[in-house]
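Engineer: Got a sequence here, can you build the structure:
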Amino acid sequence: MSENFAVIDCETTGFGNTDRIIEIAIVVLDSKTLEIVDEFDTLINPLRDVGKTDIHGVNATMVSAAPTMDEVIGSLAKKLNNTILVAHNLLFDSRMIRNECDRFSVKFDKGVGVCTLKLTGEKLSAAALRHNVPLIAHHRALADARATAEIFKIEYEKSLEIVAAQISAPGFASTSRTFRRDASDVSTVTPLNRLLSRACFPSSVGACIDYFDALDWVLDDAVITAEEQRFLDSIISGLNLSATQVGAMHEAYLSSIINAAERDGVVSNSEKTLMDQIASALGLTDFVIPLQTALPVAGKLKSGLRICFTGAGQDLDGKSIDRSKLEELSASRGMQPVSGVTRKGCDLLVAADPASSSGKSKKARDFGIPIMSVLEFLNNCD
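Structural biologist: Okay, here's the model as predicted:
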């Protein structure tokens, strides 16, 4: 086989056939060595609303200077033509590329590629965690494509049927102009992102995995809009799923979310709220959701308090703040910074994410030591 593999990932304004690609990344792997030989990454101005910024992290300002699809489709054709397409949910990414090609009358045949979602049966974050593959900024096209490439290298079997994609855009120039996100622009991990990333798809059946992955996309904000429901309905129709099957999958999906929330022995207030929202969105009003775990409450900050800091936090303006700065601030208020969490040597843990499953957070909960967020600490220091 001489065709290289092209690992693709798209961030989009939504999930429907009228939605647009707003960021695309291609990681090209050598067909023999599977080493990375090329990368392509750009934001794309969709000439419309960018959709859910809280999920993909792309806002209107970021794409205002980005090329439009007609400016990059020639380059995409050159990169993807005669390659074997690979993606984590190839059905979705290839459909979005096909839709863009159709808008410009560009011929596109996706061939027979490789879907790492089908190979692993897991969402990208779970597969990356299991294979110890870094996924630094999920829902950024290049980060997701790189992680998918590494998972593909592990999971790929040469016996799989593959056929190269064909894409031809003779009327469009192959331009080198791209517009990439700042490498330091990493979206904050929300409680829902963290909770969903810990959940596992409760099935090994291909059709179920496709539907569970669609749910993951739609429920990124714990709400299913009318447009998103139409998208889910199209998936259900395409997979020939019955109402009974869908209801059973909704229950299995929510159970997997509950299991993920309970895995660290603590159900936080945000997790409880999110599970309630997901249950409501899925129409599971009679489903039993676990109660919030009662945890020690941090009192007022006072002189002499022994505080341990963990994680990379943000200040009140949303800018990154070093632990050393937090320790200096606590010392200036008469508190004592400590390096670790011990039963008798720590009174308070200040964490970037109080619901984290880090070693220090787990120790604090085991010892009954209160945990406070960095923002709460800064507010109380004012």
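Engineer: got the residue ranges for the helices in the stretch 151-300 of the chain?
Structural biologist: In the stretch 151-300 of the chain, the segments counted as helices under DSSP state H, counting those that start in this stretch are 191-198, 206-218, 226-238, 243-262, 269-281.
Engineer: pLDDT averaged over the longest one, what's the number?
Structural biologist: When you say that, I think you mean helix 243-262. For helix 243-262, mean pLDDT is 90.
Engineer: Check which residues of it are buried.
Structural biologist: Gln245, Val246, Met249, His250, Tyr253, Leu254, Ser256, Ile257, Ile258, Ala260, Ala261 (16 or more other C-beta atoms under 10 Å). (C-beta placed from N, C-alpha, C; glycine too.)
Engineer: Kindly indicate which of the residues you listed lies nearest Ser361.
Structural biologist: Proximity of the buried residues of helix 243-262 to Ser361, judged by C-beta to C-beta, is greatest for Ala261, which lies at 14.7 Å.
Engineer: you'd agree the closest one is up against Glu271?
Structural biologist: Yes. In terms of C-beta atoms under 8 Å, Ala261 counts as a neighbour of Glu271; the distance is 4.4 Å.
Engineer: how about low-confidence regions in the stretch 101-250 of the chain?
Structural biologist: For the stretch 101-250 of the chain, the stretches flagged by pLDDT under 70 are 137-139, 175-177, 182-194, 197-198.
Engineer: what about the strands in it?
Structural biologist: Using DSSP state E, counting those that start in this stretch, the strands found in the stretch 101-250 of the chain span residues 107-109, 114-115, 166-168.
Engineer: by contact count, what packs against the shortest one?
Structural biologist: Using 3 or more C-beta pairs under 8 Å, 6 or more residues apart in numbering; DSSP states H and E as the contact criterion, the secondary-structure elements in contact with strand 114-115 are strand 84-87, helix 90-103.
Engineer: by contact count, what packs against the longest one?
Structural biologist: The reference is to helix 90-103. strand 5-12, strand 21-29, helix 69-80, strand 84-87, strand 107-109, strand 114-115, helix 206-218.
Engineer: sorry, back to before: of the strands of the stretch 101-250 of the chain, flag the one that's most buried.
Structural biologist: Counting by mean count of other C-beta atoms under 10 Å, strand 114-115 has the highest mean neighbour count of the strands of the stretch 101-250 of the chain, with a mean of 22.
Engineer: From the rest of the structure, what touches it?
Structural biologist: The contact list for strand 114-115, computed with C-beta atoms under 8 Å, 6 or more residues apart in numbering, reads 5, 84-91, 152, 156, 160, 162.
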